[in-house]
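# Below are the sequence and a predicted model for it; my questions follow.
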Amino acid sequence: LGTMSVKNDELHIGGVSCLDLAKSYQTPLYVFDEQLLRQNCRDYVNYFKVNERKNRVAYAGKAFLPLYMCQLIKEEGLYLDVVSGGELYTAHKAEFPMERVLFHGNNKTIDEIQMGLDLGVGRFVVDNYYELDLLEAFCKQRGRKQAIYLRITPGIEAHTHDYIKTGQIDSKFGFTLTNGDLYECLSVFSRYEHLELVGLHAHIGSQIFDVEPFLDEVDIMMNLVKELDEKYQIKIREVDLGGGVGVYYTENDHPKTIEQFCEAILSKVDSSCQRLGIEVPTLVIEPGRSIVANAGSTLYTVGSTKDIKDIRTYVSVDGGMTDNIRPSLYQARYECAIVNKMRSGDQKQVTIAGKCCESGDILITDVDILGIASGDILIIASTGAYGYSMSSNYNKIPKAPVVFVHDEKCRLVCRRQTLEELLALEVL
Ligand code: LLP
């Protein structure tokens, strides 16, 4: 995967030994393969035809958004999707160009809306009437117009975990196509004098392997573009298809490549627009996971083990649900290896447990691995998306650091939280 390589039975990433990384930065530690990450960005830019067709790739910051990540995606020519004042502030501090920011969220607070306007984000992705009314009022006060997208709930069932489905009708997000609220909104849209409706947005869910739900989404969106023009004389110039492209975590996953996905979507857009006799709009896509998941891994040190005769062997590591909530929250599966024992040999089935006081704090249930012992450094692969960004301080465990490796060089991107910082918000 990426720049991972084995030298003398030892795993290296970006030319740097994982053992050396664990020694220098301690564990748990998130390690990112910068070359693979940049390659994923470039594949999107290339295959989504950012330069040729003026399409846009907006990285979904919720997957992983330290300051350095903002800089990197700026350098790679991507847009950025943010969902909170915190993500917006990060983009601002990283000097990310605000006109390339899309501001999402189904319940943006008044402060967040004001902040978005103050900083000048390019597009508000408006989710509901409440937000439309607030935004109109604030823009009126400021005597300016704001470009917006409307978020549509297209009514598509994508096959993924229930918690990360979003396109189905029963969803908290967006204006629902089937119960009339979208059409009500459009029929009175002219009263929003300070809002310019330039685009439509939908997001059908996350970790989706099939391309078909995305193609259905394209059809629904393009039909809407035509309908808006014919019925309401609203010209939609931009169509944002959201994120959701699935990635490899284990051998049960068979994802398409970024190239296959983009080509399927673009050719569907062309045929759909041709059939409807409409101009092809500027397209936006919002990948998060498929840019960062495979580029990130987590290193842990193995500590205690517990053998329950004929039942199970628990191997505990020095992290867990605080640095990766996905196994506990979504029953997500991962692959692992021991970085100092990258050879073939007799494997044993074990369960990798975290150190939190929760029986559910299991990172990998029943995995076959080469004789594992205390002091070994374990790597869990593909933790780059929704790992650090969903990490917590449960059990008052400090957040683990993030290091980027590239061409035998390391760059510390987030340092480890100190015990003092853990208490920084507390008042006696
Ligand atoms: N755009 C919108 C509006 C979204 O809601 C999301 C993800 C994305 C883009 C990016 O989707 P991606 O390309 O990363 O699939 N915490 C969950 C995933 C939640 C996704 C939420 N929205 C997980 O760890 O699987």
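Structure's in. What do you need?

# Can you list phi and psi of Cys416 for me?
Let me fix one detail, which is that residue 416 is Arg and not Cys. Dihedral angles of Arg416 (phi, psi; degrees, to the nearest 10) stand at phi -70, psi 140.

# Skipping its backbone neighbours, what lies nearest it in space?
Closest residue in space to Arg416, ignoring its immediate chain neighbours: Pro401 at 4.3 Å, by C-beta to C-beta, 6 or more residues apart in numbering. Heads up, the C-betas are built off the backbone N, CA and C, glycines and all.

# now the helices: where do they sit in the chain?
Using DSSP state H, the helices of the chain run over 18-25, 34-47, 50-53, 67-75, 85-93, 110-119, 129-142, 181-187, 212-232, 258-276, 289-292, 326-330, 419-422.

# picking that back up, now for the residue nearest to Arg416, how many residues are close by?
By other C-beta atoms under 10 Å, 19 other residues sit near Pro401.

# returning to that earlier point: can you tell me which of the helices of the chain is most buried?
helix 289-292 (a mean of 28; mean count of other C-beta atoms under 10 Å).

# export it as PDB, just CAs?
Backbone C-alpha positions of helix 289-292 (Å, rounded to 0.1, in the frame of the first residue of the first chain) are rendered in PDB as follows:
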ATOM      1  CA  ARG A 289     -12.300   9.000   3.200                       C
ATOM      2  CA  SER A 290     -11.000   8.100  -0.200                       C
ATOM      3  CA  ILE A 291      -8.300  10.800   0.100                       C
ATOM      4  CA  VAL A 292      -7.000  10.100   3.500                       C
END
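
# could you list every residue that touches the closest residue to Leu182 other than its chain neighbours?
Excluding its sequence neighbours, the residue lying closest to Leu182 (C-beta to C-beta, 6+ apart) is Phe175, at 4.1 Å. By C-beta atoms under 8 Å, 6 or more residues apart in numbering, the contact set of Phe175 is Asp127, Asn128, Leu150, Arg151, Ile152, Thr153, Asp181, Leu182, Cys185.

# hmm, back to that, how far away is the residue nearest to Arg416 from the ligand?
20 Å (C-beta to the nearest ligand atom, to the nearest Å).

# pLDDT value on the closest residue to the ligand within the stretch 51-200 of the chain, please?
Of all residues in the stretch 51-200 of the chain, Ala60 sits closest to the ligand, at 3.5 Å by C-beta to the nearest ligand atom. Confidence at Ala60, expressed as pLDDT, is 98.

# Let me know whether it touches Asp240 as I believe.
No: applying C-beta atoms under 8 Å, one finds Ala60 not in contact with Asp240, separated by 11.3 Å.

# got any residues that touch both of these two?
Shared contacts of Ala60 and Asp240 (C-beta under 8 Å, 6+ apart): Glu286.

# Which positions in stretch 144-157 come out as buried?
Gln146, Ala147, Ile148, Tyr149, Leu150, Arg151, Ile152, Thr153, Pro154, Gly155, Ile156 (16 or more other C-beta atoms under 10 Å).

# Just the terminal-to-terminal distance for it.
One end of stretch 144-157 sits 38 Å from the other (C-alpha to C-alpha, to the nearest Å).

# Figure out how far it is from the centre of its chain.
Stretch 144-157 has its C-alpha centroid displaced from the chain centroid by 19 Å (C-alpha atoms, centre = their mean, to the nearest Å).

# Strands - which of the buried residues of stretch 144-157 land there?
Applying DSSP state E to those, the entries found in strands are Gln146, Ala147, Ile148, Tyr149, Leu150, Arg151, Ile152, Thr153.

# For the residue nearest to Arg416, list the residues it contacts.
Tyr25, Gln26, Leu29, Tyr30, Leu412, Cys414, Arg415, Arg416 are the contacts of Pro401 under C-beta under 8 Å, 6+ apart.

# pLDDT score assigned to the residue nearest to Leu182?
91.

# quick check: mean pLDDT across stretch 337-352?
The average pLDDT within stretch 337-352 is 93.

# Pull out the buried positions in that stretch.
Quick answer for stretch 337-352 (16+ other C-beta under 10 Å): Ala337, Ile338, Val339, Asn340, Lys341, Met342, Val350, Thr351, Ile352.

# which residues sit in contact with the fourth one?
Think Asn340. Asp9, Glu10, Leu11, Leu19, Asp376, Ile377.

# With only the CA atoms kept, save the least confident helix or strand in the chain by mean pLDDT in CSV.
Every helix and strand of the chain was ranked by mean pLDDT, DSSP states H and E. The lowest is helix 181-187, at a mean of 87. C-alpha atoms of helix 181-187 as CSV (Å, rounded to 0.1, in the frame of the first residue of the first chain):
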residue,chain,number,x,y,z
ASP,A,181,-40.8,21.2,1.1
LEU,A,182,-38.3,21.6,-1.7
TYR,A,183,-40.9,22.8,-4.1
GLU,A,184,-42.5,25.1,-1.5
CYS,A,185,-39.1,26.6,-0.9
LEU,A,186,-38.4,27.1,-4.6
SER,A,187,-41.8,28.7,-5.3
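
# Can you name the residues in contact with that helix?
Against helix 181-187 from outside (C-beta under 8 Å, 6+ apart): Tyr129, Leu132, Leu150, Ile152, Phe175, Thr176, Leu228, Lys231, Tyr232, Ile234.

# Nearest to Met390 among those?
Lowest distance from Met390 to those (C-beta to C-beta) belongs to Ile152, with 26.5 Å.

# From what I see, the closest one and His203 are in contact.
No: if you go by C-beta under 8 Å, Ile152 and His203 don't touch, sitting 9.5 Å apart.
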